[in-house]
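Engineer: build me a structure from this.
(2 chains)
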Amino acid sequence: MEYDFAKVEKKWQKYWEKKNLFSASSDKEKPKTYILIEFPYPSGEGLHVGHCRSYSALDAVARKKRMEGYNVLYPIGWDAFGLPTENYALKTGVHPKIATEKNIANFKKSLKSLGISFDWNREINTTDPKYYKWTQWIFLQFFKKGLAYQAEIPINWCPSCKIGLANEEVVEGKCERCESEVKREKRKQWMLKITKYADRLIEDLNGLNYLEKIKAQQINWIGKSYGTEIDFKVENCENIIKVFTTRTDTIFGVTAVVLAPEHPLVASLLRIQNSELRIKNYGEVKTYIEQSKEKSEFERTQLAKEKTGIELKGIRAINPLNSERVPVWVGDYVVGTYGGGAVMVVPAHDYRDYDFAKKYGLKIREVVAGGNISQEAFTDYGVLINSGKFNQLSSQEAQEKITDWLEKKGSGRKKIQYKLRDWVFSRQHYWGEPIPIVYCRRCWENQSLIKSGTKSRLNYDYTIIKGKEYMIVPVPEKDLPVELPYVEKYQPTGTGESPLANLKEWVNVNCPKCGGPAKRETDTMPNWAGSNWYFMRYTDPENENSLANQEKLKYWMPVDWYNGGMEHTTLHLLYSRFCYKFLYDIGIAPTKEPYQKRTAHGMVLAEDGRKMSKSFGNVINPEKIIKAYGADTLRIYEMFMGPFDQTIAWNAQGVKGCYRFLQRVWELVLDWSKDKNKTSSSKVIKAVHQLNKKINDDLEKAKFNTPIAAFMEFINFALRNKKGIGRDAIERMLKLLAPFAPHLTEELWERIGNSPSIFSHSYPQYDKKCTLAEEITLIVQIDGKLRARLKLPFNLTEDKIKEKILTDRRVQNFLAGKKIKKTIFLVNRLINLVTR
RNA sequence: GCCGGGGUGGCGGAAUGGCAGACGCAACGGACUUAAAAUCCGUUGGAGGGAAACUUCCGUGAGGGUUCGAGUCCCUCUCCCGGCACCA
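Structural biologist: Numbers count the residues shown, from 1 in each chain, chains lettered A, B, ... in the order given. You can find the predicted model right below:
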């Protein structure tokens, strides 16, 4: 009778594998369901209980769907390029390729012992050249459509390690490894034009079943705002400063214009020597700009809450509304990459400008009535004052009228701005997909010979390396993949280039276009490149002619349910939606959106409430749990521990509770099987159908903890009503439990004399009639307070019930000396006698 | 500061506007045992009354409101968590 989970689990895992029970079929007649979990990064740490939470829960969904007759795709693969493996290689000398293979083997072993019903025939690996051939192919399509381009942008630079750092390697403004201050250094980077898709990325969220908070976070991140671009002419020259504002109504309150240090006008003004436009405090300005350029993002945003700036003395900008001359400043609190990097300063009606004006003694002019500007900025809407002919208008009216006026004069226009920036697609690392681009000097010379008036666009068609022009030549599709060469040293080059730059024999190639000497791009792609489209590859993982067959994509896409971490909402989720939309535009992807439904699981913390980490020594190893209690216990616990989307701390005692529960199931079923000829009592039938309903309803809503509780209740009930349990109840219960505790239920299914597998049997549907009892408990309230509970037959009328309850002793007590003024009656549920 | 989501026993948490605290853990009492572990049975929000079956009052962060009735809806405040953050 002892439940030997180790033996049982191994037995069924072998059985499933042998029968190939969970591989998605190619039968396109069947309705499909595509269930997806974020494929893991196979780290050296091994499988985490957090992975198990997501995989177990969605496994229950997948298994249930299969029993319901769907053709289910529930695949797994490896997102295996990335920094930790490269760092590990640097430290230990173990090649990333070897380390990755080892880690994958380790993960695979753990996952198999959990018995997740993945379709292992479709396993993919982003570091496999057969896979990244298509990652590179997608990049080439971006390039061809002009959505991949180069730009000089500042990266995180560690002056001591002499390498570029990823954002996650910068901790509080310092290099993670050597703790020196991270600086900003401009480097040429590949960029993807995600901004072109900003609107669609917002709008198309509409039809999708994403957790509301996920939609909100994405919309927030894209940060669309409607405003006006206003031209401020610079006095005595042709230059124009374009500022972006959402508060056109405050334009009469402008007392200065502030430029970001990166603003192109600043550099060009510094170059001008003509006396009219000479910056009087040239030296100071130059120093200020150089200092702020050196500042890291962290210093500029986190540390420098105190605004700094410097006036460009001698330079004035002209307010187009009232022709007023206002001073021009440079301040590094102005974001260079947003809204053109220039703002109009309206101290009376903006907190930031108020601070800035107070600090540097700028004028504060009130133009919207309603606040007390001697105390603080007034940022609400109001009625305009000191605004010439726009006085007396409300802010909203004024915004329209002033924008109209500006548009007529040609000195302003409506504009939409986004916070979203283009995606930096270059990494100066070894362990990533090589970018399939070659730089050719001869092609440049050829084209300049042929066409003297060249139309090539800088950063799209040609680039400049060390002062010389080179054509950007894409590697022909037939030559893909550009394989990542095997190197012995992954040490940084010290120049900010990737370690690939040291491999002369790899870097130097013949130009695929002209055959001349050319050089390869040595940057690699970011982590997100491989995960951008992996869910498409699962539909046809072996395809050598395209990233996936069209018919297969059409059948399987979109993903019906995608679950992953909340931390991927703004990066992976947004990037992959963008990539998919692009592939839709060029006729590869069959739908506008890749994921129909998106949920997120909460983190699993250690018992002490902190993050699990080797350094805290509080890591829970799933394999150890499996050894001690079995995979089914681990699965059940992970689902039972709390609401699926919530962060939750591990509790070792809670695991034991789940183990006890499964043992009771075991005991109940085997005990029952000693005498199988019982028939179910009506109480039992009712209970098991109610259980059935509960499971169906809750799984739809991504609730996994309450179904487990319902099973526990049922088992407690069943152990007390053993006599009334028939085969129908036992079988129904086992089928319902099977998606949650697959090994245990397979074994019991077989032991009670059924043929395996339980998963090839159909999922039970509940009968609504059976969920209703012939007897109900009626709640009796007097003035809204519970005063009695009565067991009554089903469907009694109000009058009959009233008659009955008025004879109840307690009810009589509470009604003594009172008159019933009103009665609220809900059939089979409640009666409320109101005396007030 | 802005945008989300929350605050319910000793703990994790349940509750289509209608029985607050399901289920699990822990704790306590008992059974089994030489003993412990495991297992099983019972008790367990707080305060009061009763010999007892039982029974009364209070109770879901604070205050107000809507309603016959509020953990649930509305307003104000407060604290916690997540995201964004000088985005004009």
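Engineer: what strands line up against the helix or strand harbouring A:V257, and which way round?
Structural biologist: Using DSSP states H and E, A:V257 sits in strand A:256-259. With DSSP bridges as the test, strand A:256-259 is paired with strand A:325-330 (parallel), strand A:342-345 (antiparallel).
Engineer: what about the last one, distance to the chain center?
Structural biologist: A distance of 33 Å separates the C-alpha centroid of strand A:342-345 from that of its chain, computed with CA atoms, centre = their mean, to the nearest Å.
Engineer: and the next helix or strand past it?
Structural biologist: Remark: after strand A:342-345, the chain's next helix or strand is helix A:351-360, criterion DSSP H and E.
Engineer: what's downstream of that next one, the next helix or strand?
Structural biologist: Using DSSP H and E, the helix or strand that follows helix A:351-360 towards the C-terminus is strand A:368-369.
Engineer: returning to what we had before: quickly check: the strand holding A:V257 near RNA strand B or not.
Structural biologist: No: using CB under 7 Å from any atom of the strand, strand A:256-259 stays clear of RNA strand B, with a minimum separation of 7.7 Å. All C-beta spots, glycine's among them, are computed from the backbone N, C-alpha and C.
Engineer: contact partners of that strand?
Structural biologist: A:232, A:241, A:243, A:265-266, A:309, A:317, A:326-331, A:333-334, A:341-345, A:356-357, A:362 (CB atoms under 8 Å, 6 or more residues apart in numbering).
Engineer: quick one: contacts of the helix or strand following it?
Structural biologist: Remark: after strand A:256-259, the chain's next helix or strand is helix A:264-271, criterion DSSP H and E. Helix A:264-271 has contacts (CB under 8 Å, 6+ apart) with A:234, A:239, A:241, A:259, A:277, A:279, A:282, A:285-286, A:289, A:312, A:315, A:330.
Engineer: one more: stretch A:772-780?
Structural biologist: Stretch A:772-780 has contacts (CB under 8 Å, 6+ apart) with A:682, A:686, A:786-794, A:801, A:805, A:808, A:811, A:828-831, A:833.
Engineer: and it, which residues are buried?
Structural biologist: For stretch A:772-780, the neighbour count (16 or more other CB atoms under 10 Å) marks A:776, A:778, A:780 as buried.
Engineer: what about these, which are in strands?
Structural biologist: Per DSSP state E, strands hold the following members of those: A:776, A:778, A:780.
Engineer: pipe the residues you listed into CSV and attach pLDDT and distance to RNA strand B per row.
Structural biologist: Shown next, in CSV, are those (pLDDT from 0 to 100; distance: CB to the nearest atom of the strand, whole Å):
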residue, pLDDT, distance to RNA strand B
A:I776, 81, 8
A:L778, 87, 9
A:V780, 90, 9
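Engineer: now stretch A:643-653: how far from the chain's centre is it?
Structural biologist: Centroid separation between stretch A:643-653 and its chain, computed with CA atoms, centre = their mean, is 21 Å.
Engineer: what's the answer for stretch A:474-490, then?
Structural biologist: Chain-centre distance of stretch A:474-490: 30 Å, with CA atoms, centre = their mean.
Engineer: from A:D697, how far out is A:S56?
Structural biologist: Distance of A:S56 to A:D697, computed by CB to CB, to the nearest Å: 20 Å.
Engineer: helices and strands around the strand or helix carrying A:D799, which ones?
Structural biologist: According to DSSP H and E, A:D799 maps onto helix A:798-805. Under the contact criterion of 3 or more CB pairs under 8 Å, 6 or more residues apart in numbering; DSSP states H and E, helix A:798-805 touches strand A:785-793, strand A:822-826, strand A:830-834.
Engineer: need the contact list for the nearest residue to A:D199 once chain neighbours are set aside.
Structural biologist: Spatial nearest neighbour of A:D199, chain neighbours left out: A:K224 (7.4 Å); criterion: CB to CB, 6 or more residues apart in numbering. Contact analysis of A:K224 by CB under 8 Å, 6+ apart lists A:198-199, A:202, A:416-418.
Engineer: can you pull the pLDDT of A:K224?
Structural biologist: Turning to A:K224, the model gives it a pLDDT of 95.
Engineer: returning to that earlier point: minimum distance to RNA strand B: which of the strands paired with strand A:256-259 has it?
Structural biologist: With CB to the nearest atom of the strand as the criterion, RNA strand B lies closest to strand A:342-345 of those, at 4.2 Å.
Engineer: got the residues of the stretch 551-700 of chain A near RNA strand B?
Structural biologist: Residues of the stretch 551-700 of chain A lying close to RNA strand B (CB under 7 Å from any atom of the strand) are A:566-567, A:570, A:640-643, A:646-649, A:651, A:653-654, A:656-661, A:663-664.
Engineer: let me know the secondary structure of A:I241.
Structural biologist: Secondary structure assignment for A:I241 (DSSP: H, G, I helix; E, B strand; the rest coil): strand.
Engineer: which residues in the stretch 601-750 of chain A form strands?
Structural biologist: Taking DSSP state E, counting those that start in this stretch, the strands of the stretch 601-750 of chain A run over residues A:604-605, A:648-649.
Engineer: may I see those organised as CSV, with mean neighbour count added?
Structural biologist: Converted to CSV, these look like this (neighbours: other CB atoms under 10 Å):
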stretch, mean neighbour count
strand A:604-605, 20
strand A:648-649, 17
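Engineer: mind putting the ones you listed into TSV with mean pLDDT and distance to A:N167?
Structural biologist: Below are the strands of the stretch 601-750 of chain A laid out as TSV (pLDDT from 0 to 100; distance: least, CB to CB, whole Å):
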stretch	mean pLDDT	distance to A:N167
strand A:604-605	94	23
strand A:648-649	94	27
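Engineer: so which of those is nearest A:S113?
Structural biologist: The minimum distance between A:S113 and the strands of the stretch 601-750 of chain A falls on strand A:604-605, with 18.2 Å, by CB to CB.
Engineer: now for that closest one, which elements pack on it?
Structural biologist: helix A:49-67, strand A:648-649.
Engineer: RNA strand B contacts on the stretch 301-450 of chain A?
Structural biologist: A:301, A:304-307, A:332-335, A:338-339, A:343-344, A:350, A:352, A:417, A:419.
Engineer: at 10 Å what do you get?
Structural biologist: The stretch 301-450 of chain A comes close to RNA strand B at residues A:301-309, A:331-346, A:350-353, A:355-356, A:379, A:416-421, as judged by CB under 10 Å from any atom of the strand.
Engineer: which among those count as buried?
Structural biologist: For those, a neighbour count by 16+ other CB under 10 Å gives the buried set as A:307-309, A:331-334, A:336, A:338-346, A:350, A:352-353, A:355-356, A:379, A:417-418, A:420.
Engineer: which positions within the very next helix or strand once past the helix holding A:D799 qualify as buried?
Structural biologist: Sequence order places helix A:809-815 as the next helix or strand after helix A:798-805, per DSSP H and E. Neighbour counts over helix A:809-815 (16+ other CB under 10 Å) mark A:811, A:814-815 as buried.
Engineer: do the same with stretch A:67-79
Structural biologist: Under the neighbour-count criterion of 16+ other CB under 10 Å, stretch A:67-79 has A:67, A:70-79 buried.
Engineer: check stretch A:158-167 too.
Structural biologist: With burial defined by 16+ other CB under 10 Å, the residues of stretch A:158-167 counted as buried are A:158, A:161, A:163-166.
Engineer: and if you look at stretch A:657-670?
Structural biologist: So for stretch A:657-670, counting by 16+ other CB under 10 Å, buried means A:658-659, A:661-666, A:668-669.
Engineer: in the stretch 1-150 of chain A, which spans are strands?
Structural biologist: Applying DSSP E, counting those that start in this stretch to the stretch 1-150 of chain A gives strands spanning A:32-37, A:71-73, A:77-78, A:124-125, A:148-158.
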